[in-house]
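Visitor: After the sequence you'll find the predicted model.
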Amino acid sequence: MPKCLIVGASRGIGREFVAQYLADGWEVHATARKESDCAELRDSGASAYLADVADEDALSRLAGDLPGDFDLIVHNAGVGTQEREGPIDDVDPADWERVMRINALGPILSARRLKGKLKAPGGTFAVLSSLMGSIGDNGFGGYWTYRMSKAAANMAVKNMAIAFLEDGIGVVALHPGHVQTDMGGSGAPVKPADSVSGMRSVIRDVRPGQDALFRDYQGKSLSW
Ligand SMILES: NC(=O)c1ccc[n+]([C@@H]2O[C@H](COP(=O)([O-])OP(=O)(O)OC[C@H]3O[C@@H](n4cnc5c(N)ncnc54)[C@H](OP(=O)(O)O)[C@@H]3O)[C@@H](O)[C@H]2O)c1
C-alpha cells in the first residue's frame, strides 16, 4: 500500500489531499497544529501528529514518531497576509518575518527533518508554492510579503532537487490554482477537489532524481 504524509492538513487543500489519498487506498499520515484537528484526521482514517512547520524541534519529534518508506511527502502548510495590492509602505516587518518563517523556512525545516522518511530512490517531496511566487509571471506587483515568501520557497525547491538528486528523490513546486479555501476565499474559481486531483496527477509524473518542476494543478509548466 503506498504511503504519504501531508504536512499541514487541518483544513483546505491539505485536508482534501488526506481525503483523496485515503479514498484511493493509501496509508495516510497527516499533521496539524491543534489536537482537535488531529482527532478529526484520525476519525477520517489517517494517522495524525501535532507539528508546527516553524518549529524545528516539533519536526524532529514528528520524524521520531513516523514510520519510514514514504512514497510521498506533501508540504502543504502555508499562510497568507492581509497585505494585498498595497504600496511598499504596507509591508509590515513583523508580519514579513512571520510569513517568511512559515512559507520559506518551513519547507526547508520540513525537508531536512523528514527527507530520511522517504523511499530513496523513488520518493517525492512536493511543496505547495503559488503562481504569486513566480518572478517571471509577476505582471501587476503588490502582495510583497506573500510573493517573496513563495519565490523563496521555489528557490528552496530548486536547491532540494539538486541536493536530493543522488538519493533519487523527486521534488516539485505546485501551484494549486485559486482555490475555494479560507485562504483563497469563497469566490475562488477552483474547488479543492479539482485542485487536489489535478495536483495528484502532476505528482504521479514526478520522476526520481529529476530536476525541480514548477507546475500548476492542470500540469502546466510555470516560469520560476
Ligand atoms: N487557496 C489558494 O488559492 C492558494 C493559491 C496558491 C497557493 N496556495 C497554497 O496552498 C497551501 C494550502 O492553502 P489553503 O488554501 O488550503 O490554505 P488554508 O485553508 O488557509 O490552510 C492552510 C493550512 O496550513 C496550515 N498551517 C499554517 N501555518 C502553519 C504552520 N506554521 N505549521 C503547520 N501548519 C500550518 C494551517 O493549519 P491551521 O489550521 O493550524 O492554521 C492549514 O492547515 C498554502 O501553502 C498556500 O500558500 C493556496
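Guide: Structure's in. What do you need?
Visitor: Enumerate every residue touching the spatially most central residue of the chain.
Guide: Using Cα atoms, centre = their mean, the residue of the chain that lies closest to the mean C-alpha position is residue 76, 2.6 Å off. Residue 76 sits next to 6, 7, 8, 9, 13, 14, 17, 128 when contact means Cβ atoms under 8 Å, 6 or more residues apart in numbering. Backbone N, C-alpha and C define where each C-beta goes, glycine included.
Visitor: How about residue 172?
Guide: Residue 172 touches 124, 125, 126, 127, 157, 202, 203, 206, 212, 213, 214, 215, counting by Cβ under 8 Å, 6+ apart.
Visitor: one more time with 10 Å
Guide: 74, 124-127, 129, 157, 160-161, 199, 202-203, 205-206, 210, 212-215 (Cβ atoms under 10 Å, 6 or more residues apart in numbering).
Visitor: Among those, which ones are in strands?
Guide: 74, 124, 125, 126, 127, 213, 214, 215 (DSSP state E).
Visitor: From the residues you listed, keep the buried residues only.
Guide: 74, 124, 125, 126, 127, 213, 214, 215 (16 or more other Cβ atoms under 10 Å).
Visitor: Tell me who's in contact with the residue at the greatest distance from the centre of the chain.
Guide: Taking Cα atoms, centre = their mean, the residue of the chain most remote from its mean C-alpha position is residue 89, at 29.2 Å. By Cβ under 10 Å, 6+ apart, the contact list for residue 89 is empty.
Visitor: how long is stretch 57-75 from one end to the other?
Guide: The first and final residues of stretch 57-75 sit 17 Å from each other (Cα to Cα, to the nearest Å).
Visitor: Okay, buried residues for it please.
Guide: So stretch 57-75, judged by 16+ other Cβ under 10 Å, has buried residues 58, 59, 62, 63, 66, 70, 71, 72, 73, 74, 75.
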